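Undergrad: Let me see the structure of the following:
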Amino acid sequence: MNNALDVSQAGNRFKQLLIESGFDFTHPDASLGWKVFKHFANEPVNCADDSLHCLFGRSAQTDIEKYNIVFSRQFEINDEEKFYDHLEVVRLIFSADATDTLIQYHASLSTIGFRSFEAFFTALENLPAFQVIATATAWQCEIKTWRTGANT
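TA: Residues are numbered from 1 along each chain as shown. The predicted structure is shown next:
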């Protein structure tokens, strides 16, 4: 992959794509975030494997009083001998107060088991929970990147 990004550049590239699209982090539009995430998902990145994950709902890992939409891309990194070393993750996280309207929608889906990212996108967009990205909710938004499970 000669034009592929290095994994260390993925988070910055995603942020660049969001900014170029007109995404406003102070008044985020979840629909636009999703559109840009789909574009980002198809950009080549040097890694052993990558997968996409989406979550709609409240999480015990975050503030239970918040409703979250999380779009994440996970990169598997192998060592020099081609064995698993660690994961690097880029997440776009939308959060808002957990209103009665929002909390009725729960979903978690990953590309594992789908034959393509496009099939995953279609399945996700057909879930009832996907409707929340079009709500007039006052979202807060952030991009988080991290490394997990490193054997080094």
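
Undergrad: what mean pLDDT would you report for stretch 91-109?
TA: For stretch 91-109, the mean pLDDT works out to 92.

Undergrad: End to end on that stretch, go ahead and measure it.
TA: This stretch, stretch 91-109, spans 14 Å end to end (Cα to Cα, to the nearest Å).

Undergrad: What are the buried residues along that stretch?
TA: 91-96, 98, 102, 105, 109 (16 or more other Cβ atoms under 10 Å). C-beta: built from backbone N, CA, C; applies to glycine.

Undergrad: Filter the residues you listed down to the ones in strands?
TA: Judged by DSSP state E, the buried residues of stretch 91-109 include 91-96, 109 as members of strands.

Undergrad: Now distance to Ser51 too, for the residues you listed, in a markdown table please.
TA: Converted to a markdown table, these look like this (distance: Cβ to Cβ, whole Å):
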| residue | distance to Ser51 |
| --- | --- |
| Arg91 | 13 |
| Leu92 | 15 |
| Ile93 | 17 |
| Phe94 | 20 |
| Ser95 | 23 |
| Ala96 | 26 |
| Leu109 | 11 |
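
Undergrad: quick one, helices of the chain?
TA: According to DSSP state H, the chain carries its helices in the segments 10-20, 30-41, 100-103, 117-125.

Undergrad: Nearest to Tyr67 among the ones in strands among the buried residues of stretch 91-109?
TA: Tyr67 lies nearest to Ala96 out of those, by Cβ to Cβ, at 5.4 Å.

Undergrad: Next one: the nearest residue to the closest one once chain neighbours are set aside from Lys144, what distance?
TA: Nearest residue to Ala96, sequence neighbours excluded (Cβ to Cβ, 6 or more residues apart in numbering): Thr137, at 4.7 Å. Per Cβ to Cβ, to the nearest Å, Thr137 is found 20 Å from Lys144.
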